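>>> generate coordinates for the sequence data below:
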Amino acid sequence: MRVRFSVKGAILVGCLTIILVDLLLIASLSNVQHPSERSTNDNSSRLISKKSPRTPIEIRPIIVLSTFRTGSTLAGEIIQQAEDTFYLYEPLNPLNYVLYQLQNATLHLVNGSVRSVGPYDFPNVSIDILKALINCDFSSLDIETASHGFLFYSRRSIPYISCVNLNKRKTTLFQAVNKCLHIWKESCESSKFRIIKVVRLSLDWMERLLQTFPNLMVVHLVRDPRAIQISRSKLGENIFEDIRKSFTELCTLLSWNIYFETRLNGTYGRIFRLYYEKLALRPLETSMWLYKRLALRYTPKVRAHVHRLTRAGLPDECPTCAGRANSSAHVHSWRGLFNQSQLNDIEEVCGTYLKELGYS
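Below is the predicted model of the structure:
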């Protein structure tokens, strides 16, 4: 009997033990996390332990608007030397090139979506691009804009575009842009002054940006149209084939911009005119005035850079570069290049503009 009792007792204890172990195992399994859940929670813990994001800065967008060969490269190069600036050199050029070549095109965006555009969509798409750039929303840009070689003219974009060029050798351009995009975005978001040089839009389109960005300033850069045309001719444009036609087209656009400068200033008051001639003849004085108008800090480093660009005897072999041996020598370089008959035609089609801006 004792032996029989012991066996039964042992069996009973064993069964109870198995049941208890099963219960404990079930309880422990219910607390085990899936690896992805554990990773998410770990990341959350790390995010909580990190410092809270910095307070958003009050951005001050600046558009330098002009026409082709007005001296905007010099003006942009001077402005981008200021502290706390993020400068972009003609970001609308890729879109202009695509539509010029194809008329109708499909833009492939960095975020993976596509956008169909036609020749008449250029102004609207351009405004969307400018808004995205000011907001550092680079994922909504098309791949061409986000990877264009002009980004090397923007010193704070160089690390990003260098990263893209390095990575696209071993992967697709789309993948390279997305891999490096955070570099560009961080550089933009950390800058108070976001400056964009624009030569492909007329001034009336600035109203949409003035409405969207209450701190936006527009620098309207102007130049004598005779000097503009001579500068264009050096790049291969045949302005002498039909003087009246070429100057009529140019001065119509210039007059249009002046009209909207006055009109929009009546509502917004944030557009001011910069004469290229003043910047070229008195670069130190004018650049200091420009910095003051834009609330930028004019430092000895900026002053030295302006001097290097305009007075330091840099070679003049590059017609599209900002630097000049002596910028003042280019102001009246057009004189003597037109005969009297041509000057009479120019006066006839551009006389109102020349007189209003003091060029006559």
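>>> how close does Ala82 sit to Leu130?
For Ala82, the distance to Leu130 equals 20 Å [Cβ to Cβ, to the nearest Å]. Any C-beta I mention is one placed from the backbone N, CA and C, and that applies to glycine too.
>>> quick one: which of those two has more around it?
Under the neighbour definition other Cβ atoms under 10 Å, Ala82 and Leu130 were set side by side, and Leu130 has more, 25 against 22.
>>> partners of the residue nearest the centre of the chain in the sheet?
Nearest to the mean C-alpha position of the chain, counting by Cα atoms, centre = their mean, stands Leu88 at 3.8 Å. Beta bridges link Leu88 to Ile196 when assigned by DSSP bridges.
>>> just to check, it is in contact with Ser154?
Yes: between Leu88 and Ser154 there is a contact at 5.3 Å, judged by Cβ atoms under 8 Å.
>>> quick one: secondary structure of Lys292?
At Lys292 the chain is in helix, as set by DSSP: H, G, I helix; E, B strand; the rest coil.
>>> burial count for it?
Lys292: 11 neighbours (other Cβ under 10 Å).
>>> and the nearest residue to it once chain neighbours are set aside, how far is that from Ile195?
Spatial nearest neighbour of Lys292, chain neighbours left out: Tyr298 (7.2 Å); criterion: Cβ to Cβ, 6 or more residues apart in numbering. Note on Tyr298: its distance to Ile195, by Cβ to Cβ, is 15 Å.
>>> which one's more surrounded, these two?
Comparing Tyr298 with Ile195 by other Cβ under 10 Å, the one with more neighbours is Ile195, at 25 against 17.
>>> any idea how far the more buried one is from Gln81?
Ile195 sits 11 Å away from Gln81, going by Cβ to Cβ.
>>> cool, and Gly358?
For Gly358 relative to Gln81 (Cβ to Cβ), the value is 29 Å.
>>> more crowded one of these two?
The neighbour comparison of Gly358 against Gln81 (other Cβ under 10 Å) goes to Gln81, with 21 against 9.
>>> and the pLDDT for that one?
Residue-level confidence at Gln81 comes out at 95, pLDDT.
>>> does it count as helix, strand or coil?
Here Gln81 is recorded as coil under three-state DSSP.
>>> contact partners for it?
Gln81 makes contacts with Lys301, Val302, His305, Val306, as judged by Cβ atoms under 8 Å, 6 or more residues apart in numbering.
>>> what does Asn265 give?
Asn265 neighbours (Cβ under 8 Å, 6+ apart): Ile271.
>>> would you agree Ile228 is in contact with Thr67?
Yes: using Cβ under 8 Å, Ile228 is in contact with Thr67, at 6.8 Å.
>>> who has more neighbours out of the two?
Ile228 (24 against 20).
>>> pLDDT wise, what is that one at?
On the pLDDT scale, Ile228 gets 96.
>>> name the nearest residue to it, sequence neighbours excluded.
Arg69 is the one closest to Ile228 (Cβ to Cβ, 6+ apart), at 5.2 Å.
>>> for Ser233, see how far away that neighbour is.
Applying Cβ to Cβ to Arg69 and Ser233 gives a distance of 9 Å.
>>> who has more neighbours, the two?
Remark: of Arg69 and Ser233, Arg69 carries more neighbours, 23 against 16, as counted by other Cβ under 10 Å.
>>> picking that back up, residues contacting the residue nearest to the centre of the chain?
Taking Cβ under 8 Å, 6+ apart, we find Leu88 in contact with Leu133, Leu151, Ser154, Ser157, Ile195, Ile196, Lys197.
>>> so the fourth one sits against Ile183, correct?
No: at 9.1 Å, Ser157 does not count as touching Ile183 under the criterion of Cβ under 8 Å.
>>> these two: who's more crowded?
Taking other Cβ under 10 Å, Ser157 and Ile183 do not tie; Ser157 has more neighbours (23 against 18).
>>> identify the residues contacting that one.
Contacts of Ser157 by Cβ under 8 Å, 6+ apart are Leu88, Leu151, Trp184, Ser187.
>>> try it again with 10 Å
Applying Cβ atoms under 10 Å, 6 or more residues apart in numbering, we find Ser157 in contact with 86-89, 91, 148, 150-151, 164, 183-184, 187-188.
>>> shaky segments in this structure?
1-55, 312-327, 329 (pLDDT under 70).
>>> what domains does the record give for it?
Annotated domains of the chain cover 66-84+193-360, 94-191 [automatic domain parsing].
>>> redo those as a markdown table? Include distance to Pro56.
Output for the domains of the chain, formatted as a markdown table (distance: least, Cβ to Cβ, whole Å):
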| stretch | distance to Pro56 |
| --- | --- |
| domain 66-84+193-360 | 13 |
| domain 94-191 | 9 |
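>>> and the contacts of Ser157, which is closest to Glu285?
Tyr87 (22.2 Å; Cβ to Cβ).
>>> picking that back up, hey, what's in contact with both of Ile195 and Gln81?
Tyr87, Leu296.
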